[in-house]
Each structure stands twice: as structure tokens, then as C-alpha cells.
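[1] got a predicted model here, sequence first, then my questions.
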Amino acid sequence: MTGSTAAQKTCRLVTLGCKVNQYETQLVLETLERNGFREAIEDEPADLCVVNTCTVTNNGDSRSRQVIRQLAKQNPGTRTLVMGCYATRDPQAVSTLPSVFEVVTNKRELPDILARHGIHDMPAGISRFEGRKRAYVKVQDGCILKCTYCIIPQVRPGLRSRSPDDIEDEVRRLIDNGHQEIILTGIHVGHFGVDTTRGRTGLPPFRLWNLFRRLDKIPGNWRMRLSSIEANEIDADFISAAADSEHLCPQFHPALQSGSNTVLQRMRRRYSIERFLETIEAMRSRLVNPAFTTDVIVGFPGETDAEFEETLDACRQARFMKIHIFPYSVRRGTPAASFPDQVHGTVRETRMQILERLERELARQYYASLVGTELDVMVEGTLEHRPGWVQGTDRRYVPVEIPGESIDVGRMIRGRGVSAVNHCLEAEREAMTK
């Protein structure tokens, strides 16, 4: 790598997209630091820029290009390495952008690519998560599903699970370095272990629930959370392990996408709405008031008013605490892009507003269910408009406002729910601090 001496080499890293991308950027940062780099401070030019791109939507593509151009302008003479899903999907377009000297089309080749440029000794995992109270831990990569709206299986094909030993070592390091919440994430978390244990003669499979049972044995005042999971990957073993876990948070994110069976079929999803709701209820029967969050795509091609009403009804029955609402957008290269009966933008917008109103109503109902309940709140910041109060999230990922000071930021404090308001659960502080 040309430029400054080893002690002076600077880097700047920008991440777009998902939790997995954020994890992978942190891994690259720690690799660069091992090789004599430090992060450039504000307004300081960087010798090396790294952009981790996203291609889930067309906006992800355009935002990625915009960031690369801005870095070239703000860091004269820099060299930019581009990785991520957009780089994989359209490396030719990325390679023509200013200052780009390397396009990583397969992140599994990243150690070899960095080594070609004199950057060696990539760690097996991360030791901290820069600028965050909670840390993401990538447990697997890749997706083999064929949902008709999604481009990701084309840019992250196949399955690759990390070894449980490496994952446990990483989680222990992160806890030792002060991270009190660990989020297990991946491209398809529920397929953890499928590639490494399927068909092993004489050995039982090791799946996601086996992993969080193992991690639950790590002592200390910390908590573990799962990212998105498919409802049909939640079985009796999963539910039993979740119910037995001391550290696993009782908040789960089964992605619904639609509450209409006919839309789910067009999406090529692998469950019926009846099965989805049965799974939710099975978890409620074993866990204490678990929170469920989800994703919903509004305006999928051909979605009728009746099918949208089925989605609203399913959300009411599931009693979601939070709904991430996405308007369907045409994604070139996916089957759904050529489906007939694309839903007009104004119709999508109206339906989104209706679902947003329902989401607020369901959130308030769930917050109200926690009034009088003991809470462990991870404090994430102070409230400027409310001196003497802080904000954070409890184990169920409910937003909480509670009395506190700046010294509490980054800590977990004990509280009790007092009242549900539009945007959060208000709590009183208990005498004991964990």
C-alpha cells in the first residue's frame, strides 16, 4: 500500500445496509489496525477508504455510488476498496467509480485480496464493536431460498456457518470488553449449521438453538438477542431452548412479509399464515409475554384490497410489538419485477399509512402489557428535552424512558413499567442497579 509510513496510515470505512455488513466492516477495521492503520479523524484525509455496499433496493445501489464519489472528493489521492452486495452484483459499474482500486465480488476471498496489497493477519473474529453499546456477531452467511422479490441469494449464494468454537470465543471477548448485549446475526440465521452438520454420520445436528444453548452457559450480566428468523424454523426444540435460556431476550423477529396466503405463494414464501400464527402462539405458551417484531412488504404485485386486509388481520392476531414496513419496489433481476398487476405508488402509500396506524396501536397495547413489570433497561442516551431522564431498551426491545443521568449511558439499570405512551414505555427506577 502506497502513501504514508506504517505508523501514519489512515483509513475511513463506510457501511451501508444490514447488521451483517456492519459486522464485516468492523472485522476489516480490526484487520487494518493490526497492519498499522488508524481511523482518520474528521476532516483528515484517509490513505485508504473502504465502502461496504448494499443492493437490497435500487436506492441501496445509488446510495453506494454516491458514497464512493463523496469519499473520492473528500479524500484526494485516496484508494477505495469496495465490497458488499452491490459490488458483487455489478462489479463493472463499481470499478469505473473514482478512486476505486479493488472491487471485492466475494467476501470469502477478502483475506487473499487484502494480502495482495500488503494487509495480512485477518483475525478470526472481532474484539469490539466500534461506537455501539450492543455488538453484532455474524454466525453464518448466505441464503438458498428463492423468494421472488429478493436479490440477496444471487449475491450471497450458498450457506456457510461459522464454527461454534469461534463464535463462543468472539462472544466471550466482546463481553469481556464491555458489550452487554450480543445480537446473533446472519443472512439467514435460521439456517445456521445446516451446511456443516447435515448428513453427519452418527452425530446429531447442531442448529441455531444448540448454539444459543451453548452461549447461554457464558456467565455474567449480559444478554443475547436473535436477529430475523423464519417462522417455520422455530420448532419445539427451539422453543424449549428459548424458554430455558437465562441470557436470551424474549423478543423474536419472524418475518411475515404478508398476511395473505395467496400473496405468500406469489412471494414463494415457505409457510401459510395459519402456520405462522400457530408458531407465535406456541412461543407465547412457553415464554413470559414475549415480544414479536416483523417485516411486512406492502403493495406486492397483484396485492388486492382484500389481500391487504388479510395482512392487517394477521398483524392483529399476531399482536406484533413493532412492524418494519417496506413498500414493494421493483428489483431488477428478481422474478417479481416482471409480475403483472404492479400496484400503483399512491395505493402503496395509502396502505402503508393504514398499516403504520395499526402498528402504533399494537405497540401501545404491548407497552401497556408491561406496566408493573420489572425491566432491565440498556441505557442508550440522555433525553435533551427531559433533564434527569434517559432512554434505552429493555430485554423485549421495548423503547423505555426512565430517570437517569449521562453516567448511566452504556449500562443496564433496573426499572419497573409505569405507563404506556405513544412512543415508549415510561418506567420508574428501582433501587438496585445491575
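    Everything's here; your move. What you see is a predicted model, and the numbers here were worked out from it, not measured in a lab.

[2] hey, what's the closest residue to D408 other than its chain neighbours bridged with?
    With sequence-adjacent residues excluded and distances taken as C-beta to C-beta, 6 or more residues apart in numbering, D408 is closest to V379, at 4.5 Å. In short, each C-beta sits where N, CA and C put it, glycine included. Beta-bridge partners of V379, counted by DSSP bridges, are G392.

[3] so how far is V390 from V379?
    Distance, V379 to V390, by C-beta to C-beta, to the nearest Å: 5 Å.

[4] anything in contact with each of the two?
    Residues touching both V379 and V390 (C-beta atoms under 8 Å, 6 or more residues apart in numbering) are 402, 404, 408-409.

[5] now go through those and say which are in strands.
    The members of the shared contacts of V379 and V390 that map onto strands under DSSP state E are I402.

[6] what distance do you get for the closest residue to R414 other than its chain neighbours to Y397?
    Distances taken as C-beta to C-beta, 6+ apart put E430 closest to R414, at 4.1 Å, once the chain neighbours are dropped. Between E430 and Y397 the computed distance is 20 Å (C-beta to C-beta).

[7] same deal with E356?
    E356 is 18 Å from Y397, where distance means C-beta to C-beta.

[8] of these two, give the one with the bigger neighbour count.
    The neighbour comparison of E356 against Y397 (other C-beta atoms under 10 Å) goes to Y397, with 18 against 13.

[9] where does the stretch 101-250 of the chain have low pLDDT?
    Within the stretch 101-250 of the chain, the stretches with pLDDT under 70 are 198-203.

[10] go with 80
    For the stretch 101-250 of the chain, the stretches with pLDDT under 80 are 130-131, 197-204.

[11] same check, this time on the stretch 301-434 of the chain
    By pLDDT under 80, the low-scoring segments of the stretch 301-434 of the chain are 431-434.

[12] hang on, the earlier thing: residues contacting the residue nearest to D408?
    390-392, 402, 404, 408-413.

[13] if we go to 7 Å?
    V379 is in contact with 390, 392, 404, 408-411, 413, counting by C-beta atoms under 7 Å, 6 or more residues apart in numbering.

[14] please, a ChimeraX command that selects the buried ones among the residues you listed?
    Buried subset of these, written as a ChimeraX selection, criterion 16 or more other C-beta atoms under 10 Å:
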select :390,392,404,408,409,410,411,413
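
[15] what's the closest of the contacts of V379 to I144?
    G392 (36.9 Å; C-beta to C-beta).

[16] T88 - nearest residue in space that isn't next to it in sequence?
    V155 (4.2 Å).

[17] the one you found touches Y86, doesn't it?
    No - contact criterion C-beta atoms under 7 Å: V155 and Y86 do not qualify, at 8.1 Å.

[18] which of these two has more neighbours?
    Set side by side, V155 and Y86 show more neighbours around Y86, with 29 against 23, by other C-beta under 10 Å.

[19] relative to Q22, how far out is the more buried one?
    Distance of Y86 to Q22, given as C-beta to C-beta: 15 Å.

[20] can you spell out which helices and strands pack onto the longest helix along the chain?
    In the chain, assigned by DSSP state H, the helix with the most residues is helix 345-369. If contacts are counted by 3 or more C-beta pairs under 7 Å, 6 or more residues apart in numbering; DSSP states H and E, helix 345-369 sits against strand 291-298, helix 305-318, strand 322-327, strand 412-420.

[21] quick one: closest of these to R269.
    strand 291-298 (10.4 Å).

[22] how far off centre is that closest one?
    13 Å (C-alpha atoms, centre = their mean, to the nearest Å).

[23] hmm, who's touching it?
    149, 250-258, 280, 311, 318, 320-328, 348, 351-352, 355, 366, 396-398.

[24] what do you get for stretch 216-223?
    171-172, 175, 180-182, 245-249, 395, 412, 434.

[25] still on that earlier bit, show me what contacts the residue nearest to T88?
    If you count contacts by C-beta under 7 Å, 6+ apart, V155 has them with 55, 85, 88-89.

[26] again with E102
    Counting by C-beta under 7 Å, 6+ apart, E102 has contacts 81, 113.

[27] any idea how far V51 is from it?
    Taken as C-beta to C-beta, the span from E102 to V51 is 11 Å.

[28] returning to what we had before: mind giving me the PyMOL select for the contacts of V155, buried ones only?
    Here is the PyMOL command that selects the buried residues among the contacts of V155 (16+ other C-beta under 10 Å):
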select buried, resi 55+85+88+89
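
[29] now the contacts of V155 as CSV including pLDDT and distance to G36?
    Formatted as CSV, those follow (pLDDT from 0 to 100; distance: C-beta to C-beta, whole Å):
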residue, pLDDT, distance to G36
T55, 93, 32
C85, 95, 29
T88, 95, 28
R89, 94, 32
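
[30] quick one: which of the contacts of V155 sit in strands?
    Among the contacts of V155, no member falls in strands (DSSP E).

[31] residue ranges for the helices of the stretch 101-250 of the chain, please.
    Ranges of helices in the stretch 101-250 of the chain, per DSSP state H, counting those that start in this stretch, are 110-116, 152-155, 164-176, 194-197, 208-215, 236-244.

[32] please identify the deepest-packed of these.
    Highest mean neighbour count of the helices of the stretch 101-250 of the chain: helix 208-215, a mean of 21 (counted as mean count of other C-beta atoms under 10 Å).

[33] got the CA coordinates for that one in PDB?
    Listed next in PDB are the C-alpha coordinates belonging to helix 208-215 (Å, rounded to 0.1, in the frame of the first residue of the first chain):
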ATOM      1  CA  LEU A 208     -29.200 -22.300  16.000                       C
ATOM      2  CA  TRP A 209     -31.000 -23.400  19.200                       C
ATOM      3  CA  ASN A 210     -28.000 -25.600  20.000                       C
ATOM      4  CA  LEU A 211     -25.800 -22.500  19.600                       C
ATOM      5  CA  PHE A 212     -27.700 -20.200  21.900                       C
ATOM      6  CA  ARG A 213     -28.000 -23.000  24.500                       C
ATOM      7  CA  ARG A 214     -24.200 -23.200  24.400                       C
ATOM      8  CA  LEU A 215     -23.700 -19.500  24.600                       C
END
